[in-house]
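**Student:** Pasting the sequence and the predicted model now:
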Amino acid sequence: MDAEPGRVVYAMAKTFYVTTPIYYVNAEPHIGHAYTTINADFLARWKRLDGYDTFFLTGTDEHGEKIAQAAAKAGKEPQKFVDEVSAKFKRAWQTLHISYDDFIRTTEPRHKRVVQLYLQEIYDRGDIYYGEYEGLYCVGCERFLTEKELVDGKCPDHGIEPEPRREGNYFFKMEKYRAWLRDHINKHPGFIRPERYRNEVLSILSEPIGDLSISRPKSRVTWGIELPWDPEHVTYVWFDALLNYVSALGYPDGEKYKKYWPAAQHMIGKDILKTHAVFWPTMLKAGDVEIYKHLNVGGHLLADGRKMSKSLGNVINPFEWSEKYGPDAVRYYLLKETPYGLDGVVSEKGLIERYNADLANDLGNLLQRVRTMVSKYLGGKLQKREPGPAEEEVVRTSSSLAARVREFVDDLKFNQALEEVLQFVRLLNRYVNERAPWKIKDEDELNRVLYTVIDGLRTVAVLLEPAMPVKMAELRAALGLGELSVADVTEWGGLPDGHRLPEEAPILFPKIETGKERSQPEKAQAGTISYDDFAKLDLRVAEVKSVEKHPNADRLLVIRLDVGGEERTVVGGLAAHYKPEELVGKKVVLLANLKPRKLRGVVSQGMLLAAGGEGGTLALLTPEREVEPGSKIS
Ligand code: MSP
């Protein structure tokens with residue numbers, strides 16, 4: 001049981017609890033929020049379909065300085081301001097078909113009650129004390145940063161210098177639980193996933209983490225929950241926010257709490273790893289509450305290889321996409337495009353290409369074609385005929401598909417789960433082309449072929465439903481089917497004998513016309529280039545921070561670089577030439593403005609320069625003297 005404790009317990013108890021971060025209401029819902037929420041919704045919908053009693057929680061984080069400042073800027077009372085923005089999140093999630101069971105707001109009485117109860121509990125246990133604190137505070141992060149976390153004296157996430165602050169605070173004895181937490185993470189390999197983030201946390205825990213300041217004096221911050229034993233202080237926003245995961249369940253004696261805690265999986269973005277992997281478990285331990293099962297950490301979405309930001313003007317609005325192409329297309333694209341856990345590059349062009357290839361061509365056309373054939377050749381009614389040798393591959397793949405998808409989903413490989421289903425759709429297309437029903441005269445044979453394809457599409461409709469709930473309901477309707485679950489598609493042949501397809505069905509995925517001609521192949525370059533051509537190359541010194549083997553290709557390494565404060569990931573064919581650990585700490589030369597491209601599913605943001613290779617020694621170029629990462633090469 002120790003190897004995968006979470007999974008075994010769920011299989012027996014059949015309850016599943018999944019959460020998103022609760023979003024700060026100082027910003028409108030954007031694609032980063034949508035991405036995290038869609039991932040969680042996918043998981044929740046999958047578990048429900050797979051027979052789990054599932055509870056899916058999202059919500060908004062409404063206290064703290066940052067929110068109070070945003071309200072003031074908008075010229076509104078904080079409560080009115082947070083009411084408005086929180087409502088926008090609710091509307092956004094409706095648009096994207098997010099199937100949350102509860103939406104918690106930290107300004108609700110049910111939440112405040114639990115925060116005060118919990119604080120009092122650990123205060124009484126002696127894990128909270130009063131002291132003076134001096135440090136560098138980033139309002140963007142709403143926490144004190146350590147010197148080590150700064151890049152050029154600035155917060156790496158917000159690009160601003162944190163302010164020095166000295167104040168009287170209450171402290172939570174977090175350091176006391178460091179050894180216990182390390183031990184827990186070591187004993188439970190799947191506790192923090194994917195593995196790179198587990199390693200990051202273990203590295204944080206290899207040094208003292210100190211105690212956590214958990215209050216703010218009212219003289220400075222009023223927008224928060226008062227400490228029950230000292231109303232002159234309000235609760236630090238992270239201490240308040242993290243407790244939403246249990247307050248929403250009715251901690252400590254609510255029915256939902258008893259049912260769903262601790263079978264929890266928290267889905268977060270990598271920017272809030274430390275708060276969830278260090279603050280939260282130690283807080284739970286201090287209150288003698290069992291800790292959650294899994295922390296699932298997602299990467300960030302980038303617009304054009306860079307982090308999205310208002311100042312760069314590259315912020316993507318998923319709600320505009322949703323209006324243009326439909327929410328399910330956006331959900332499918334975001335889930336399919338990027339391996340969970342890694343950063344991903346998204347664009348409108350990418351969405352259109354993915355939609356046209358997978359959904360309009362592979363799936364939509366297949367449905368259209370076979371529906372027409374069933375109507376034309378069989379009057380809309382299918383007789384079940386046992387499969388013959390020609391059906392063998394389809395039947396075998398179809399019967400084992402749900403189990404394979406389940407395995408990918410449990411491993412958080414959402415993109416591969418979807419790809420597995422698409423591979424099956426492509427197999428069905430090949431099968432139809434090979435069997436060519438339009439040439440078959442024998443009625444039994446015709447029924448055999450068309451039944452097999454429609455039964456295959458039945459399986460597809462169920463397995464793609466967590467990604468595209470509305471479109472897959474339409475697909476089921478086009479097949480004359482009602483609601484189904486994963487248990488209904490674990491074997492070939494669930495479609496009843498004599499099943500009728502409805503006469504009318506709208507086109508499921510109309511092709512998106514872009515109106516653009518295919519671009520001409522580039523003309524061959526002449527033998528020389530101008531200086532201007534050379535100047536187009538943005539070559540920079542970068543320092544290798546970490547290296548991993550590529551999850552899908554033996555030849556490739558995934559290399560994380562520091563390019564003067566900016567983090568980049570580059571995928572390179574170096575595995576045969578360097579061991580990952582040999583590269584860490586090396587200064588290398590990066591072609592930084594190469595258009596990002598995907599190599600076997602991982603986005604590479606640039607290229608490292610190397611000499612040799614081609615069967616012989618390959619050597620990475622490195623600067624001959626010590627220079628700072630980020631230095632320009634000219
Ligand atoms: N309020 C805290 C979370 C408290 S949870 C107890 C918070 N809120 S947030 O609104 O700033 O961001 C929440 C999450 O949004 C991030 O962790 C991440 O999951 C997601 N994202 C924000 N920008 C993102 C991208 N560009 N890409 C993907 N997700 C990112 O932090």
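**Tutor:** Sure, I can see it.
**Student:** and the spatially most central residue of the chain, what does it touch?
**Tutor:** Centroid-nearest residue in the chain: G298, 4.2 Å away (criterion: C-alpha atoms, centre = their mean). Contacts for G298 (C-beta atoms under 8 Å, 6 or more residues apart in numbering) come out as 35-36, 39, 267-270, 340-341. (C-beta placed from N, C-alpha, C; glycine too.)
**Student:** Return the set of residues that bridge with the residue of the stretch 151-300 of the chain found nearest the ligand.
**Tutor:** Residue nearest to the ligand within the stretch 151-300 of the chain: G269 (2.4 Å; C-beta to the nearest ligand atom). Beta-bridge pairing for G269 (DSSP bridges): G298.
**Student:** and it, what is it in contact with?
**Tutor:** 21, 32, 35-36, 297-300.
**Student:** State the pLDDT value of it.
**Tutor:** We have a pLDDT of 96 for G269.
**Student:** go on, R7?
**Tutor:** 43.
**Student:** Same question for S530.
**Tutor:** So S530 comes in at 69 (pLDDT).
**Student:** What of D2?
**Tutor:** So D2 comes in at 38 (pLDDT).
**Student:** re the thing from before, show me which of the contacts of G269 is closest to K258.
**Tutor:** Using C-beta to C-beta, P21 comes nearest to K258 of those, at 24.2 Å.
**Student:** give me the element that closest one is part of.
**Tutor:** In the assignment (DSSP states H and E), P21 maps to no helix and no strand.
**Student:** Nearest spatial neighbour of it, chain-adjacent residues omitted?
**Tutor:** Once flanking residues are discounted, P21 sits nearest to I268: 5.2 Å by C-beta to C-beta, 6 or more residues apart in numbering.
**Student:** tell me the contacts of that neighbour?
**Tutor:** Going by C-beta under 8 Å, 6+ apart, the list of residues near I268 reads 20-21, 36, 276, 295-298.
**Student:** contacts with the ligand among those residues, please.
**Tutor:** The subset of the contacts of I268 within reach of the ligand, by C-beta under 6 Å from any ligand atom, is 21, 36.
**Student:** any chance of the contacts of I268 in CSV, plus distance to Y333 and pLDDT?
**Tutor:** Putting these into CSV (distance: C-beta to C-beta, whole Å; pLDDT from 0 to 100) gives the following:
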residue, distance to Y333, pLDDT
T20, 19, 98
P21, 22, 98
T36, 15, 97
H276, 27, 98
L295, 25, 98
N296, 20, 98
V297, 21, 98
G298, 15, 97
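**Student:** For the closest residue to the ligand within the stretch 451-600 of the chain, which non-adjacent residue is closest in space?
**Tutor:** Nearest to the ligand, among the residues of the stretch 451-600 of the chain, is E567, at 13.0 Å (C-beta to the nearest ligand atom). Using C-beta to C-beta, 6+ apart and skipping the chain neighbours, the partner closest in space to E567 is R560 (6.5 Å).
**Student:** again, but for E491
**Tutor:** Closest to E491 by C-beta to C-beta, 6+ apart is S399, at 5.3 Å.
**Student:** Pretty sure that neighbour sits in a strand.
**Tutor:** No - S399 sits outside any strand when classified using DSSP: H, G, I helix; E, B strand; the rest coil, being helix.
**Student:** Hmm, D455 and it touching each other?
**Tutor:** No - S399 lies out of contact with D455 (C-beta atoms under 8 Å); the separation is 10.5 Å.
**Student:** what residues are shared contacts of those two?
**Tutor:** In contact with both S399 and D455: W492, using C-beta under 8 Å, 6+ apart.
**Student:** These two: who's more crowded?
**Tutor:** D455 (25 against 15; other C-beta atoms under 10 Å).
**Student:** got a list of what that one touches?
**Tutor:** Contacts of D455 (C-beta under 8 Å, 6+ apart): 398, 492-495.
**Student:** name the element it belongs to?
**Tutor:** Using DSSP H and E, D455 falls in helix 443-463.
**Student:** near the ligand, which residues of this structure show up?
**Tutor:** Residues of the chain lying near the ligand (C-beta under 6 Å from any ligand atom): 21-24, 32-33, 35-36, 61, 241-242, 244, 268-269, 271-272, 300-301, 308.
**Student:** ChimeraX command for the buried members of these?
**Tutor:** With 16 or more other C-beta atoms under 10 Å as the criterion, this ChimeraX line picks the buried residues out of the residues of the chain next to the ligand:
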select :21,22,23,24,32,33,35,36,61,241,242,244,268,269,272,300,301,308
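**Student:** rewinding a little: ok, now how distant is the residue nearest to the centre of the chain from E445?
**Tutor:** Applying C-beta to C-beta, to the nearest Å, the value for G298 to E445 is 48 Å.
**Student:** returning to what we had before: out of the contacts of D455, who has the most neighbours?
**Tutor:** Neighbour max across those (other C-beta under 10 Å) = S398, 27 neighbours.
**Student:** Now that one: closest residue in space, sequence neighbours ignored.
**Tutor:** Nearest one to S398, counting by C-beta to C-beta, 6+ apart, is W492 at 4.9 Å.
**Student:** Could I get the pLDDT score of A477?
**Tutor:** 98.
**Student:** Now do the same contact list for it.
**Tutor:** With C-beta under 8 Å, 6+ apart, A477 has these contacts: 502, 505.
**Student:** Find the nearest non-adjacent residue to the closest residue to the ligand within the stretch 1-150 of the chain, please.
**Tutor:** Nearest residue of the stretch 1-150 of the chain to the ligand (C-beta to the nearest ligand atom) works out as G32 at 2.2 Å. Nearest residue to G32, sequence neighbours excluded (C-beta to C-beta, 6+ apart): L301, at 6.2 Å.
**Student:** That neighbour and E628, how far apart?
**Tutor:** 29 Å.
**Student:** Look at L43 and say how many residues are nearby.
**Tutor:** 23.
**Student:** Is it in contact with T20, as I believe?
**Tutor:** No - counting by C-beta under 8 Å, L43 sits too far from T20 to count as a contact (10.3 Å).
**Student:** Name the residues contacting each of the two.
**Tutor:** Residues touching both L43 and T20 (C-beta under 8 Å, 6+ apart): M267.
**Student:** Okay, and L119 sits in which element?
**Tutor:** Assigned by DSSP H and E, L119 belongs to helix 109-124.
**Student:** same for that helix, what does it pack against?
**Tutor:** Judged by 3 or more C-beta pairs under 8 Å, 6 or more residues apart in numbering; DSSP states H and E, helix 109-124 is in contact with strand 102-105, strand 226-227, helix 237-242, helix 244-247, helix 280-286.
**Student:** what's the closest of the ones you listed to L150?
**Tutor:** Closest to L150 of those is helix 237-242 (C-beta to C-beta; 19.2 Å).
**Student:** average model confidence for the closest one?
**Tutor:** pLDDT averaged over helix 237-242 gives 97.
**Student:** for it, the distance to its chain's centre please.
**Tutor:** 22 Å (C-alpha atoms, centre = their mean, to the nearest Å).
**Student:** who's in contact with it?
**Tutor:** Outside helix 237-242, the residues that reach it (C-beta under 8 Å, 6+ apart) are 22, 61, 63-66, 106, 115, 119, 142-143, 172, 212, 214, 224-225, 275-276, 279-280, 283.
**Student:** and if we set it to 7 Å?
**Tutor:** By C-beta atoms under 7 Å, 6 or more residues apart in numbering, the residues outside helix 237-242 that reach it are 22, 61, 63-64, 106, 115, 142-143, 214, 224-225, 275, 279-280, 283.
**Student:** looking at those residues, which has the most residues close by?
**Tutor:** H63 leads the contacts of helix 237-242 on contacts (other C-beta under 10 Å) with 29 neighbours.
**Student:** Backbone torsions only: list them for it.
**Tutor:** phi -100, psi 180 (degrees, to the nearest 10).
**Student:** Can you tell me how far G573 is from V563?
**Tutor:** Per C-beta to C-beta, G573 is found 20 Å from V563.
**Student:** more neighbours, those two?
**Tutor:** V563 (20 against 15).
**Student:** Would you indicate which residues of stretch 574-581 are buried?
**Tutor:** Per 16+ other C-beta under 10 Å, stretch 574-581 contains these buried residues: 574-575, 577-578, 580.
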